[in-house]
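Give me a model of this one.
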Amino acid sequence: MAGKTAGVKTVAVKRAGPKVAKPTGAEPAAAKAKLGGPKAAKPAGKPEWQLRLYVAGNTAKSTAALENLKRLCETHLAGRYSIEVVDLLVNPRLAAGDQILAVPTLVRKFPEPIRKIIGDLSNEERVLVGLDVRPIVARA
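Numbering: from 1, shown residues only. As a prediction, the model looks like this:
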């Protein structure tokens, strides 16, 4: 799971989160919009869907999960997603941040709320419902 391909990034080290100042009320309206106020503009280069796939080495399930995820994203979220692959064999401490107990695990970081799906992501309908891409449809 090394390298970078079409919207997929492999991570081996922990990234520090962004530091955001809290508005005090004295800032101009433009500054409040940048901090996520009601009229905040969408960042230009940020993908609409941010996904993180936790794996443990280059196992068959990890590889299948990544391939299934890429296929689903290209089919249903084309051009609107980013995938971050985190190999827990390289840095197991990263599992604590998202409370990962099993691998492979997919975490939808954005749009909120955060959602988690465990497994190789082979059941397309369940993955799409789990990511809230497709609503639950009652079967007759």
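
Which of the helices and strands in this protein ranks last by mean pLDDT?
Taking mean pLDDT, DSSP states H and E as the measure, the helix or strand of the chain with the lowest value is helix 29-34, at a mean of 35.

helix or strand right after it?
Downstream of helix 29-34, the first helix or strand assigned by DSSP states H and E is strand 49-55.

tell me which residues in that next one are buried?
For strand 49-55, the buried set under the neighbour-count rule, 16 or more other C-beta atoms under 10 Å, comprises 49, 51-55. Where you see a C-beta, it was placed from the backbone N, CA and C, and this is true even at glycine.

just stretch 99-113 next, same as before
100, 103-108.

Nearest to I117 among those residues?
Set against I117, the nearest of the buried residues of stretch 99-113 by C-beta to C-beta is L106 (4.5 Å).

Kindly check the end-to-end length of stretch 74-90 for me.
End-to-end distance of stretch 74-90 (C-alpha to C-alpha, to the nearest Å): 27 Å.

ditto for stretch 113-133
13 Å.

which residues are in contact with it?
For stretch 113-133, the external contacting residues (C-beta atoms under 8 Å, 6 or more residues apart in numbering) are 49, 51, 61, 64-65, 68-69, 72, 76-77, 98, 102, 104-108, 111, 134-136.

which parts of that stretch are buried?
Under the neighbour-count criterion of 16+ other C-beta under 10 Å, stretch 113-133 has 116-117, 119-121, 127-128, 130-131 buried.

can you redo those residues as JSON lines with pLDDT and distance to S82?
Shown next, in JSON lines, are those (pLDDT from 0 to 100; distance: C-beta to C-beta, whole Å):
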{"residue": "K116", "pLDDT": "94", "distance to S82": "17"}
{"residue": "I117", "pLDDT": "95", "distance to S82": "17"}
{"residue": "G119", "pLDDT": "93", "distance to S82": "21"}
{"residue": "D120", "pLDDT": "94", "distance to S82": "20"}
{"residue": "L121", "pLDDT": "94", "distance to S82": "16"}
{"residue": "V127", "pLDDT": "93", "distance to S82": "17"}
{"residue": "L128", "pLDDT": "91", "distance to S82": "18"}
{"residue": "G130", "pLDDT": "90", "distance to S82": "18"}
{"residue": "L131", "pLDDT": "89", "distance to S82": "14"}
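
Lovely, talk soon.
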